[in-house]
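J.: Fold the following.
(chains A and B)
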2 protein chains.
Amino acid sequence: MSELSKIKEPVKEELREFEPYFRNTMKSKVPLLSIITNYIYRRKGKQLRSLLVFLFAGLKGNINRSTHVAAAMIELLHTATLIHDDVVDEAYERRGSFSINALWRSKVAVLVGDFLLSKGLLLAIDTGEYDLLKNMSNAVKDMSEGELLQIERSRKMNIDEKTYFDIIRKKTAALMAACVVNGVNSAQANEEEVDAAYEYGINLGLAFQIKDDIFDYQSKGVLGKPIGNDIKENKLTLPLIHSLSKVDRKTQKQVLKKLKQSKRNPKAVAEIISFTNDNGGIQYSVDVMNRFKDKAMQALSCFPDSEYKESLKFLTEFIVNRKS
Amino acid sequence: MSELSKIKEPVKEELREFEPYFRNTMKSKVPLLSIITNYIYRRKGKQLRSLLVFLFAGLKGNINRSTHVAAAMIELLHTATLIHDDVVDEAYERRGSFSINALWRSKVAVLVGDFLLSKGLLLAIDTGEYDLLKNMSNAVKDMSEGELLQIERSRKMNIDEKTYFDIIRKKTAALMAACVVNGVNSAQANEEEVDAAYEYGINLGLAFQIKDDIFDYQSKGVLGKPIGNDIKENKLTLPLIHSLSKVDRKTQKQVLKKLKQSKRNPKAVAEIISFTNDNGGIQYSVDVMNRFKDKAMQALSCFPDSEYKESLKFLTEFIVNRKS
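T.: Predicted coordinates:
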């Protein structure tokens, strides 16, 4: 059994029920939409977000209709976001298959994203799940603000550690927190439990994003070299931010100059990665990530022991140890 | 006084109040967002949609806080849609100024659109305007379905008049109907009045889109030639659909072949326009548009005479007579 199926074990019945329900939420009478949503359904990913929703409702021993609504809404919104992302990034691949904009036109992809987004909203409205709707809308607002803040500050090459945490909290952690809060909320949690869930989600999200940012300096592309996409986009993330704080102003300027050249110069990418390694940026980031992971683990102690809690512990480890 | 300011006259106080309120709904602490939303605000268009909201609440003599919320939400959503449209169409101009994606990156434009969209949702949620939210989400769903249906059928060159009306009802008229329904709803209308408002909005929207589609065959670009954008995109609209129904199968095939060539061949565009004129497609479309306009006018008779109703009559004429 794979690690992920082990994690899913306590909610596997519910996930089996969830599949046709989720698929049904994407229905349309427009034939082109049916073809595309079928394609989306067949290539769906790990569905980590809905898994979090089910496990958190499970913690409270009360997985019910509202849990399914929350999970479906989150998957609809998340899917819509990924489709729009691929259009903007002109990415032609997603999870080893062609992206929607690669198979159809960009225009079609944007419209399919809009369709899924509105279906998600209608699902929450029609079932009267207004808290869910509010949490998710706030998370979308935070996401766009976080990404825009990152773009703005990266352009000015002006991100310190505090700003970095502010950015990734908004850009990534807010949505994770919304997932788990909606999960416990669906099972009628009390205030203390909602707070603990939020604490878990935020810290898991921070660890998740730091892991992603470390990947950029470590994971190997087809040629066995680190991918360095963030570097090429001049995104300042924790490994580099920390390393820059360890050197004098003159060296900082030299490194930032190299960063600007990195889009067209693969050698500059390699040099920045070396600089980051030499100045302890990777190790520091791993340490910080693990601290957030530990905080997430601690937040779980608010809930009684159960198979759901065990799964969440595995899931937390899985997220910081994942290889992609 | 311009025609539009005459139409705005009965609600000019309310519109003056609306401006700072609307501006405030776009607020963010992220500096880049403030810069961009200021830019958006300064280049805002005719704001026909919020005008419809205010005039319909005025018909019921009860413009209130809910009316302002409805108008702001609609403008936020509409603005978000236009920004996303410009990204997909790679349009670098909007209302005589640079588009957001021309001045900033596409990625930034998409994020700004997402931000405005979520602000619109939160506005409705925070004020408890759930009917507004539902109407608008349904309209967005209809819009995406209508556009995808048009893309699908145009590719197959398979649109009859019935399908055309189905498409433009979803793509354009549903949103207009949502605007006016939200307008009267904000003023506590009864069921009969909501039905009449819906009837007005749908018919106005159908007339509006037919007018747009006629423009493609008539309006003159910089070189004094019809623009023919729909033709180049192989979109089948009413003028051509009607003209095709007047000729034999062989001629139909020839014209559709020419349509396929039109993207690269300006002569083919001119020939299709001639064919459409010769077979009465333009005149027929004008007649159909006027029938929808008359139906919209009739729907207004449900409401007592007032300066708001007079303005709506002018607005209805303005929409079918506009020159751009």
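
J.: quick one: the strands in chain A?
T.: Secondary structure of chain A (DSSP state E): strands at A:93-94, A:97-98.

J.: which other residues reach the first one?
T.: Same thing as strand A:93-94. Strand A:93-94 has contacts (C-beta atoms under 8 Å, 6 or more residues apart in numbering or on different chains) with A:43, A:82, A:86, A:99-100, A:102. No exception for glycine: its C-beta is placed from N, CA and C like everyone else's.

J.: mean pLDDT for the strands of chain A: which is lowest?
T.: For the strands of chain A, the weakest mean pLDDT is recorded on strand A:93-94, namely a mean of 80.

J.: Could you tell me how far that one lies from the centre of the chain?
T.: In terms of C-alpha atoms, centre = their mean, to the nearest Å, the centre of strand A:93-94 is found 16 Å from the chain centre.

J.: In its sheet, which strands sit next to that strand, and in what direction?
T.: As defined by DSSP bridges, the strand partners of strand A:93-94 come to strand A:97-98 (antiparallel).

J.: which residues are contacting the partner strand?
T.: If you take C-beta under 8 Å, 6+ apart as the criterion, strand A:97-98 is touched by A:43, A:92.

J.: wouldn't residue A:136 be in contact with residue A:75 here?
T.: No: the pair residue A:136 / residue A:75 is not scored as a contact, 11.4 Å apart, by C-beta atoms under 8 Å.

J.: who's more crowded, the two?
T.: Comparing residue A:136 with residue A:75 by other C-beta atoms under 10 Å in any protein chain shown, the one with more neighbours is residue A:136, at 26 against 22.

J.: From residue B:25, how far off is the residue of the stretch 151-300 of chain A found nearest chain B?
T.: Using C-beta to the nearest C-beta, the single residue of the stretch 151-300 of chain A nearest to chain B is residue A:152, 4.0 Å away. The gap separating residue A:152 from residue B:25 is 21 Å, by C-beta to C-beta, to the nearest Å.

J.: for residue A:322, same thing?
T.: Here residue A:322 is placed at a distance of 39 Å from residue B:25 (C-beta to C-beta).

J.: For these two, indicate the residue with more neighbours.
T.: For residue A:322 versus residue B:25, the count of surrounding residues by other C-beta under 10 Å is larger for residue B:25: 18 against 15.

J.: nearest residue to the more buried one other than its sequence neighbours?
T.: residue B:72 (5.0 Å; C-beta to C-beta, 6 or more residues apart in numbering or on different chains).

J.: any weak-confidence spans in chain A?
T.: Across chain A, the ranges flagged by pLDDT under 70 are A:1, A:219-226.

J.: in it, which helix has the most residues?
T.: Counting by DSSP state H, the longest helix found in chain A is helix A:191-218.

J.: Any buried residues in it, and which?
T.: A:193, A:196-211, A:213-217 (16 or more other C-beta atoms under 10 Å in any protein chain shown).

J.: Check which helices and strands that helix sits against.
T.: Other elements packing on helix A:191-218 under the criterion 3 or more C-beta pairs under 8 Å, 6 or more residues apart in numbering or on different chains; DSSP states H and E are helix A:161-168, helix A:174-186, helix A:229-232, helix A:238-245, helix A:266-278, helix A:281-300, helix A:307-321.

J.: Which residues of the stretch 101-250 of chain A lie near chain B?
T.: Residues of the stretch 101-250 of chain A lying close to chain B (C-beta under 8 Å from any C-beta of the partner chain) are A:105-108, A:110-112, A:114-115, A:117-119, A:121-122, A:125-126, A:130, A:133-134, A:137-138, A:140-141, A:143-145, A:147-149, A:151-152.

J.: ok now do residue A:4, which residues does it touch?
T.: By C-beta under 8 Å, 6+ apart, residue A:4 lies in contact with A:46, A:318.

J.: What of residue A:165?
T.: Counting by C-beta under 8 Å, 6+ apart, residue A:165 touches residue A:206.

J.: Please report the distance of it from residue A:149.
T.: Separation of residue A:165 from residue A:149 (C-beta to C-beta): 12 Å.

J.: relative to helix A:281-300, how tilted is the longest helix of chain A?
T.: Counting by axes from the mean of the first three to the mean of the last three C-alpha atoms, to 10 degrees, helix A:191-218 lies at 160 degrees to helix A:281-300.

J.: ok, and the closest non-adjacent residue to residue A:11?
T.: Sequence neighbours aside, residue A:54 is the residue nearest to residue A:11 in space, at 4.2 Å (criterion: C-beta to C-beta, 6+ apart).

J.: what does residue A:86 give?
T.: residue A:99 (4.2 Å).

J.: now swap in residue A:140 and tell me
T.: Leaving aside its sequence neighbours, residue A:140 sits nearest to residue B:118 (C-beta to C-beta, 6+ apart; 4.1 Å).

J.: Just give the number of residues close to the one you found.
T.: Look at residue B:118: counted by other C-beta under 10 Å, it has 22 neighbours.

J.: My guess is it contacts residue A:145. True?
T.: No: using C-beta under 8 Å, residue B:118 is not in contact with residue A:145, being 9.3 Å away.

J.: one step back: and the two most separated of the contacts of strand A:93-94?
T.: In these, the most distant members under the criterion C-beta to C-beta are A:82 and A:102, with 13.2 Å between them.

J.: hmm, back to that, now do the residue nearest to residue A:11: how many residues are near it, please.
T.: By the measure other C-beta under 10 Å, the count of residues near residue A:54 is 26.

J.: hang on, isn't it packed against residue A:63?
T.: Yes: using C-beta under 8 Å, residue A:54 is in contact with residue A:63, at 6.1 Å.

J.: any residues in contact with both of the two?
T.: Between them, residue A:54 and residue A:63 share these contacting residues under C-beta under 8 Å, 6+ apart: A:11, A:14.

J.: where's residue A:68 relative to residue A:129, distance?
T.: 11 Å.

J.: Please read the previous query as pertaining to residue A:102.
T.: 34 Å.

J.: neighbour-wise, which of those two wins?
T.: More neighbours surround residue A:129 than the other of residue A:102 and residue A:129, with 21 against 16 (other C-beta under 10 Å).

J.: Pretty sure the more buried one sits against residue A:66.
T.: Yes: judged on C-beta under 8 Å, residue A:129 makes contact with residue A:66 at a distance of 6.3 Å.

J.: hmm, back to that, for the residue nearest to residue A:140, what are its contacts?
T.: By C-beta under 8 Å, 6+ apart, residue B:118 lies in contact with A:137-138, A:140-141, A:144.

J.: With neighbour count as new columns, can these be given to me in TSV?
T.: Formatted as TSV, those follow (neighbours: other C-beta atoms under 10 Å in any protein chain shown):
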residue	neighbour count
A:137	25
A:138	18
A:140	24
A:141	21
A:144	25
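
J.: need those in JSON lines with distance to residue A:297, can you?
T.: Compiled in JSON lines, the contacts of residue B:118 are given as follows (distance: C-beta to C-beta, whole Å):
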{"residue": "A:137", "distance to residue A:297": "29"}
{"residue": "A:138", "distance to residue A:297": "26"}
{"residue": "A:140", "distance to residue A:297": "28"}
{"residue": "A:141", "distance to residue A:297": "29"}
{"residue": "A:144", "distance to residue A:297": "30"}
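
J.: hang on, the earlier thing: just name the most buried of the helices and strands packed on helix A:191-218.
T.: Counting by mean count of other C-beta atoms under 10 Å in any protein chain shown, helix A:174-186 has the highest mean neighbour count of the helices and strands packed on helix A:191-218, with a mean of 27.

J.: elements contacting it?
T.: helix A:48-59, helix A:65-88, helix A:130-155, helix A:191-218.

J.: how many degrees apart are the last one and helix A:161-168 in direction?
T.: Using the same axes, to 10 degrees, the direction of helix A:191-218 lies 110 degrees away from that of helix A:161-168.
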